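*Asks:* predicted model, plus sequence, below.
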Amino acid sequence: MKIAIIGTGNVAKSLGQALSKANNEIVYGSRKPEEAKQKMPGANVQSIEEAARNSELIILAVPYEAAKEAVKEMKKAEEGKILVDVSNPLDKNWRWAKGFNESAAEEIAKHAKGAKVVKAFNTVFAENMKTGMLGQDRIATFLAGDDEQAKSTVMNLAKAIGMDPVDVGSLEKARYIEPAGLLMIELGYGKKMGTAIGLKLLRGQQPQQPSQQQQAH
């Protein structure tokens, strides 16, 4: 796929590196493309509008406070496309910037009307995005979105870079996923566990339901 990654920070670069290894064509979108090119030699960097317009799928990998402006700079180039929101709703002091009646992803969807917004990757530290794994374990990434086909596409991308994608449900369920991102940040930095940590969903064998004949006895 031709994928536009909006942003040029650690998350953007790590996702770009992982996705390019999975045979995707990566273009980065920046407010200052010429300046970004100097910091990212060899990378294809364009304006935010150009990157969004020249791609099949868009990953919004900017801080929460910059997301609204980044969507505005796409100038509706996101319409009809999958838009993956990677943000965590934190303020400049790394504190929770939202209530629990709306997620950052839902807020972004209001500004990116016509885009198929999917929440993903926000609980994974940037360094771990390069392989999607810690040792032999695949890191879980939780997804939410209203378009099933869009979610399926993003899940396949997550699998391709080594992660274990978990579908949580509709975009509203991003309200459950985003606090997990803050939890990981608190553990990594607040509790000084570092970034070599990740979430994993354990799946046990489900007990078999008794048949109708067994229930009759």
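*Replies:* Thanks, I have it. Residues are numbered from 1 along each chain as shown.

*Asks:* quickly list what residue 82 is bridged to.
*Replies:* Using DSSP bridges, the bridge partners assigned to residue 82 are residue 57, residue 116.

*Asks:* what number of residues lie near the residue lying closest to residue 133 once chain neighbours are set aside?
*Replies:* Excluding the flanking residues, the one nearest residue 133 by CB to CB, 6 or more residues apart in numbering is residue 162, at 4.8 Å. Using the backbone N, CA and C atoms, a C-beta is placed for each residue, glycine as well. Using other CB atoms under 10 Å, the number of residues around residue 162 comes to 19.

*Asks:* so what's residue 162 up against?
*Replies:* 18, 131-133, 138-139 (CB atoms under 8 Å, 6 or more residues apart in numbering).

*Asks:* switch the cut-off to 6 Å
*Replies:* Contacts for residue 162 (CB atoms under 6 Å, 6 or more residues apart in numbering) come out as 131-133.

*Asks:* by neighbours, which of these wins?
*Replies:* residue 132 (24 neighbours).

*Asks:* by mean pLDDT, flag the weakest helix or strand of this structure.
*Replies:* helix 212-216 (a mean of 59; mean pLDDT, DSSP states H and E).

*Asks:* thinking again about what came up before, put together CSV for the contacts of residue 162, with secondary structure and distance to residue 171 on each row.
*Replies:* Formatted as CSV, these follow (DSSP: H, G, I helix; E, B strand; the rest coil; distance: CB to CB, whole Å):
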residue, secondary structure, distance to residue 171
131, coil, 28
132, coil, 23
133, strand, 27
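
*Asks:* same list, the residues you listed, but as JSON lines with distance to residue 208 and pLDDT please.
*Replies:* Below are these laid out as JSON lines (distance: CB to CB, whole Å; pLDDT from 0 to 100):
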{"residue": "131", "distance to residue 208": "36", "pLDDT": "96"}
{"residue": "132", "distance to residue 208": "32", "pLDDT": "97"}
{"residue": "133", "distance to residue 208": "32", "pLDDT": "97"}
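
*Asks:* from the residues you listed, pick the one nearest residue 90.
*Replies:* Checking the contacts of residue 162 against residue 90 by CB to CB gives residue 132 as the nearest, at 23.1 Å.

*Asks:* from residue 54, how far off is that closest one?
*Replies:* Residue 132 sits 26 Å away from residue 54, going by CB to CB, to the nearest Å.

*Asks:* same check on residue 179?
*Replies:* Taking CB to CB, one finds residue 179 at 35 Å from residue 54.

*Asks:* can you check residue 102 too?
*Replies:* 31 Å.

*Asks:* cool, and residue 192?
*Replies:* With CB to CB as the criterion, residue 192 and residue 54 are 42 Å apart.

*Asks:* residue 160 too?
*Replies:* 21 Å.

*Asks:* count residues in the vicinity of residue 22, would you?
*Replies:* 16.
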